[in-house]
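> Fold the following for me, if possible:
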Amino acid sequence: MIKQIEQVAEVALYLWQKGWAERNGGNITVNITEELDADVKRLPALAGPFDIGVTLPNLKGCFFYAKGTGRRMRDLAREPMENGAIIRICDDCSHYEIIADKVVMPTSELPSHLSVHNYLIAKGSPYKASLHTHPIELVALTHSQKWMAKDVATKVLWSMIPETKAFCPRGLGMVPYMLPGSVELADATIKAIDDNYDVVMWEKHGVFAVDVDIMSAFDQVDVLNKAALIYMASRALGHEPEGMTDAQLEQMSRAFNLPK
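Predicted coordinates for the structure are as follows:
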C-alpha cells in the first residue's frame, strides 16, 4: 500500500507542476484492495457509513484511496494521507466508511469514480486507478466542435509522434459537455471506456483516464497532451502539420501488436 500512496503523491506533484491541477482541480481514486493485509482491512471505521448515492455490487469488500474533497494536488503531493483517505465499501455496496488515516471526506466526484471501478471489475479489467485532470492543450482542442467528432483528435494526435500510438494505443474517447460530477457524465464516461478507450476527453473540462496504476494513467494523458503540444507548435510556426501517414500508423499497429 505504501508504494501505491507514494505513487499517488508523485503523480499529484506532476499534475501541479504541469499546471493541470489549479486550486483543488482534479481527482485520483485507486483500488488498493489487493495491497492491504487482513489487519488493515479489519480496522474500525473512523467515520461513516456514508451514502454513495448508487449501488455498486462489484465493489463489495473493496478498499480505495481517494483524494479529499476541496484538497489541492500540490498539498496531496507533500502529505497524501492528510489530503486523502482510505475508504471501505460496505456490504450493502451503497455506503462507504473512512478507515484511515484521518476523517478526510472523499471528492464529491467519488460516485463517478467508483461507478467506473465497478464497471472495470465487472469487465475483468486489470485496471486499478482512475485519474481526472485538466491538461491545458487537450482541453483547448475541445473548444472547437470539429475535434469532438469520433476519432478526429485520436488520428491527429497519433500522427504527431510515434510514441503517441505506441503508448496510447486506444486513442482518445470524446464525451460532450455535461455537468461535472453528474450521474450522466459518469454514465457517458463508462460508455466511452466500453467503446475501447482508456482516456476519455470531457468537452471544455478535462480528461478521465484509467490504467493498471496511477502512474500509467498519468503517462497516457501526458503522452496525448505532448502530441497536442506538437500539433499546436506546428500551427504556431505557420503550417498545418503533415503528421504520419495512415500507412505508417498501420505499420506501427502491426509491428507492436496494438489494439487499434
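> helices and strands around the helix or strand hosting residue 138, which ones?
Assigned by DSSP states H and E, residue 138 belongs to helix 136-141. Helix 136-141 is packed against helix 214-236, with contacts defined by 3 or more CB pairs under 8 Å, 6 or more residues apart in numbering; DSSP states H and E. No exception for glycine: its C-beta is placed from N, CA and C like everyone else's.
> which secondary structure elements does the helix it packs on contact?
The elements that helix 214-236 packs onto, with contact taken as 3+ CB pairs under 8 Å, 6+ apart, are helix 2-17, strand 129-133, helix 136-141, helix 152-160, helix 162-167, strand 199-202, strand 206-211.
> contacts for the following helix or strand past the first one?
Where DSSP H and E defines the elements, the next helix or strand beyond helix 2-17 is strand 27-31. Residues outside strand 27-31 that contact it (CB atoms under 8 Å, 6 or more residues apart in numbering): 4, 8, 11-12, 62-67, 76, 84, 106-107, 109-110, 113-114, 117, 128-132, 213-214.
> Out of those, which end up buried?
4, 8, 11-12, 62-67, 76, 84, 106-107, 109-110, 113-114, 117, 128-132, 213-214 (16 or more other CB atoms under 10 Å).
> ok, back up a step: now, of the helices and strands packed on helix 214-236, which is deepest in the fold?
Compared across those, strand 129-133 shows the largest average neighbour count, a mean of 28 (mean count of other CB atoms under 10 Å).
> Listing partners with orientation, what would you give for that strand?
Paired with strand 129-133 in the same sheet, following DSSP bridges, are strand 27-31 (antiparallel), strand 206-211 (antiparallel).
> Could you export the ones you listed to a markdown table, including columns for distance to residue 226 and mean pLDDT?
Below are the strands paired with strand 129-133 laid out as a markdown table (distance: least, CB to CB, whole Å; pLDDT from 0 to 100):
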| stretch | distance to residue 226 | mean pLDDT |
| --- | --- | --- |
| strand 27-31 | 21 | 96 |
| strand 206-211 | 13 | 97 |
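> Assign a three-state SS to residue 98, would you?
Of the three states, residue 98 takes strand according to DSSP: H, G, I helix; E, B strand; the rest coil.
> is it true that it touches residue 86?
Yes: Residue 98 lies in contact with residue 86 (CB atoms under 8 Å); the separation is 7.3 Å.
> List the contacts of the closest residue to residue 165 other than its chain neighbours.
Among residues not flanking residue 165 along the chain, residue 158 sits closest, at 4.3 Å (CB to CB, 6 or more residues apart in numbering). Listed by CB under 8 Å, 6+ apart, the contact set of residue 158 reads 164, 165, 168, 171, 227, 244, 249.
> So the second one is in contact with residue 255, correct?
No: in this structure, residue 165 sits apart from residue 255 without contact. The criterion is CB under 8 Å, and the distance is 10.6 Å.
> Setting aside sequence neighbours, what's the nearest residue to residue 137?
residue 228 (3.8 Å).
> hmm, back to that, just the contacts of residue 158 now: which is nearest residue 36?
Nearest to residue 36, judged by CB to CB, of these is residue 168 at 30.6 Å.
> Specify which residue of residue 98 and residue 86 has the higher count of neighbours.
Ranked by neighbour count (other CB atoms under 10 Å), residue 98 and residue 86 place residue 86 first, with 24 against 21.
> Packing partners of whichever helix or strand that one is part of?
According to DSSP H and E, residue 86 maps onto strand 84-89. Secondary-structure packing of strand 84-89 (3+ CB pairs under 8 Å, 6+ apart): strand 63-67, strand 95-100.
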